[in-house]
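Asks: structure for the following, please:
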Amino acid sequence: MVNIEIDGIDYEVEEGLALIQACEEAGIDIPRFCYHEKLSVAGNCRMCLVDVEDSRGLSPKPVASCAVQVSEGIKIYTKTERVKNAREGVMEFLLINHPLDCPICDQGGECDLQDQAMAFGHGESRFFDDKRAVENKGMGPFIKTEMTRCIHCTRCVRFSSEVSGNHEIGSIGRGNDMEITTYLNSSVESELSGNVIDLCPVGALTSRPYAFSARPWELKKTETIDVMDALGSNIRIDSKGLKVMRVLPRLNEEINEEWITDKTRFFWDGLSSQRIDNPYKRVGKKLVKTTWDDAIDLAKKNLISSKPEEIAAISGDLVPIESVYSLKKLLKGIKVKNYDCRQDGSKISGPRERWLFNSTISGIDESDGCLLIGTNPRKEAPLLNSRILRQSRNLSYPLGLIGAKCDLTYDYKLLGEDPKIVREILEGKNSFCDKLKLSKKPMMIIGQGALTGVKGSEFLDLCIELAYKFNFISNEWNGFNVLHTAASRAGAMSIDFIPEEDGKNTEEIINGCKAGLIKTIFLLGADELQLSDLDNCYVIYQGHHGDKGANNADLILPSAAFSEQNGLYMNTEGRVQESVRSVFPVGEAKEDWEIIRLISEALNLNSDFQTHEGLRNKIYKEYPNLNPFDDFQKNNPPEKKDNNDISGHKFSEAITNYWFTNSIARASANLSERNDYIQKRDN
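Replies: The predicted structure is shown next:
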């Protein structure tokens, strides 16, 4: 710690802080355009000028507070006349070429340049020459460019190289001819590219899908969480009336920091496309509208007419914990044992420490090595991949991959695609062993693609054994991690929505439907299954989009999307968070738990709850660790097992198309346009 003085008041701050950071801790607002807490220091804009006095006296001119560190006894002056005049001069220069686009600029109302011109500007312009004009750049379907507005803060350039790792945006030219552009005028292809829209302090980079649709003061803002992957990124949904208009990130240092993926940012138009807004029943080969009373009665008749062993249920990837819990209670009420939440056929089971990201997402920053097994984190969790990228810049950080070769935006050692390589490392027969032995806090990340197939459970046991062999698990560190791809998977696993001892799993349920052994199947938002030719099975689908599940259904019960109901979700590290309703359900759609309660009452089952609050209280009582308001607790290390014969085991690809991983994403025109661009480029 060092003692400093800011505007005549003494402070004690951490050594190594920049002056601008010290002023922030003291509650003093320092204007800036190029400085950003998560990016390297550039010192381009000079807006953060302050006066500094040290043992040598007052600095000859104001200094950039972002580029100077604190030192013992330093004095900082932020409100002197010289500082005021310097900032006004800088603002004048920044506005020399900036066009007067505020009335038609999407950044209007939330523009840093507007705010700081009002607070720190001169109030009038003394420059009357012609303004510079810059040609717009084609950055793809997500980013709209007006490069004449650019003030060359280079935030987007630094983000491209330091956070997304793609090095797609850079600067060309010098002085008055300098321009920000993509290399070779190509589109930005990173899965995190939309974050440059938030980073841009002016209106040079804005959202193309959102362009000219609303002003910020017209929007209702709802703080909630994302369900496009299993990280549970904190987001803000902005809505206007009954329509979601845009999605923005919220700061959460433990999970997503202040970034979100492009799929999260631009999926919103899928919430109003291809929606199911009425109950439907199949008459002949067609689906026709029906009433809720008729739909509930049909569900009741089919559940009653089938024996318990002839009924099955599968939950999807976007449903909240309350919905899965309600369905499980209904199934147990009619003595059904065939239910599963693992649509992809993953063989995870047992205590939660066997199938969670135990080191936590933020724990990546503590690790000193990483072994990726059967995963492509760039597709499965781009924000998690960005954290690994940040750690990989340490030259002593060993990175190995067992699985298919892929572009992860950082260098790694490809160990091979055969799962047996894990046994080779365990037996010390692989060269990567030497690097692991030198690591004190290495982490292992196992993807869902490594855990499917008949030997998925045995392979997981083998990985646990490997974790104990090296330092993945120690008294001070738990680096054994399973990476999920579905937002609802960890929550459903936590309430044991997996087959009972003599129940059928997903694969056995589907085979049973085709063979006629399963007479009735209940799909709770399950849209990732390959269902066809199920003439002998009655399919009840409860969901919100006309996707794969609805196409094969005999009865459709319209439910609310995640943005239309309150719900609990557990992310891949075991952190429970609440998704908050931002708009109301469309048409006659009802919330998931309410539909299941109506079916339970029709079956004369005691649901024990009549309200959503009552349902949550039951969940908290039965599963105390699912209360989102309790402190997050890290998991204990998993137990070792001897059963680890993996002969014949193979890896699969958990995500084949990043942009189409769920029903909402597949309904999004924004994401379809991005996917089409990639396919045209590859062809």
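
Asks: quick one: pLDDT of the residue positioned nearest the centre of the chain?
Replies: Nearest to the geometric centre of the chain sits Ser233, at 4.4 Å (Cα atoms, centre = their mean). At Ser233, the predicted lDDT confidence score is 97.

Asks: one more: Asn683?
Replies: 58.

Asks: returning to that earlier point: contacts only, for the residue nearest to the centre of the chain.
Replies: 225-226, 249, 252, 255-256, 260-261, 264, 383 (Cβ atoms under 8 Å, 6 or more residues apart in numbering). The way it works is simple: take the backbone N, C-alpha and C, and place the C-beta from them, glycine included.

Asks: let me see the ranges of the helices in the stretch 451-600 of the chain.
Replies: 456-469, 489-494, 506-515, 548-551, 592-602 (DSSP state H, counting those that start in this stretch).

Asks: and the contacts of the shortest one?
Replies: Under the criterion Cβ under 8 Å, 6+ apart, residues 276, 316, 523, 525-531, 541, 543, 556, 663 lie in contact with helix 548-551.

Asks: ok, so of those residues, who is nearest Ser171?
Replies: Set against Ser171, the nearest of the contacts of helix 548-551 by Cβ to Cβ is Ser663 (40.9 Å).

Asks: quick one, what contacts that closest one?
Replies: Taking Cβ under 8 Å, 6+ apart, we find Ser663 in contact with 318, 525, 527, 543-545, 547-549.

Asks: could you pick out the buried ones from the residues you listed?
Replies: 318, 525, 527, 543-545, 547-549 (16 or more other Cβ atoms under 10 Å).

Asks: can you put those in CSV and add distance to Val583 and pLDDT?
Replies: Shown next, in CSV, are those (distance: Cβ to Cβ, whole Å; pLDDT from 0 to 100):
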residue, distance to Val583, pLDDT
Leu318, 16, 97
Gly525, 18, 95
Asp527, 21, 94
Gly543, 17, 96
His544, 12, 97
His545, 15, 96
Asp547, 20, 93
Lys548, 25, 90
Gly549, 22, 90
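
Asks: from those residues, which land in strands?
Replies: Gly543 (DSSP state E).

Asks: ok, the buried ones among the contacts of Ser663 vs Gln565, which is closest?
Replies: Nearest member of the buried ones among the contacts of Ser663 to Gln565, counting by Cβ to Cβ, is His544, at 9.8 Å.

Asks: Asp112 versus the closest one, what's the distance?
Replies: 37 Å (Cβ to Cβ, to the nearest Å).

Asks: ok, Ala560 next?
Replies: Counting by Cβ to Cβ - Ala560 and Asp112 are separated by 37 Å.

Asks: more neighbours, those two?
Replies: Shown here are Ala560 and Asp112; by other Cβ atoms under 10 Å, Ala560 has more neighbours (25 against 17).

Asks: am I right that the more buried one is in contact with Pro585?
Replies: Yes: between Ala560 and Pro585 there is a contact at 4.0 Å, judged by Cβ atoms under 8 Å.

Asks: quick one: common contacting residues for those two?
Replies: Between them, Ala560 and Pro585 share the contacting residues Glu591, judged by Cβ under 8 Å, 6+ apart.

Asks: chain neighbours aside, what residue packs nearest to Leu531?
Replies: Asn552 (4.3 Å; Cβ to Cβ, 6 or more residues apart in numbering).

Asks: identify the residues contacting that neighbour.
Replies: 531-532, 534, 539, 541 are the contacts of Asn552 under Cβ under 8 Å, 6+ apart.

Asks: sitting in strands, which of these do you find?
Replies: 539, 541.

Asks: now list the buried members of the contacts of Asn552.
Replies: 531, 534, 539, 541.

Asks: with just CA atoms, put the host helix or strand of Lys618 into CSV.
Replies: With elements taken from DSSP states H and E, the one containing Lys618 is helix 612-622. The C-alpha trace of helix 612-622 is given here as CSV (Å, rounded to 0.1, in the frame of the first residue of the first chain):
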residue,chain,number,x,y,z
HIS,A,612,-44.7,-20.3,-7.9
GLU,A,613,-43.6,-19.1,-4.5
GLY,A,614,-45.0,-22.2,-2.9
LEU,A,615,-43.2,-24.4,-5.5
ARG,A,616,-39.9,-22.7,-4.8
ASN,A,617,-40.2,-23.1,-1.1
LYS,A,618,-40.7,-26.9,-1.6
ILE,A,619,-37.6,-27.0,-3.7
TYR,A,620,-35.5,-25.1,-1.1
LYS,A,621,-36.8,-27.4,1.6
GLU,A,622,-35.9,-30.6,-0.3
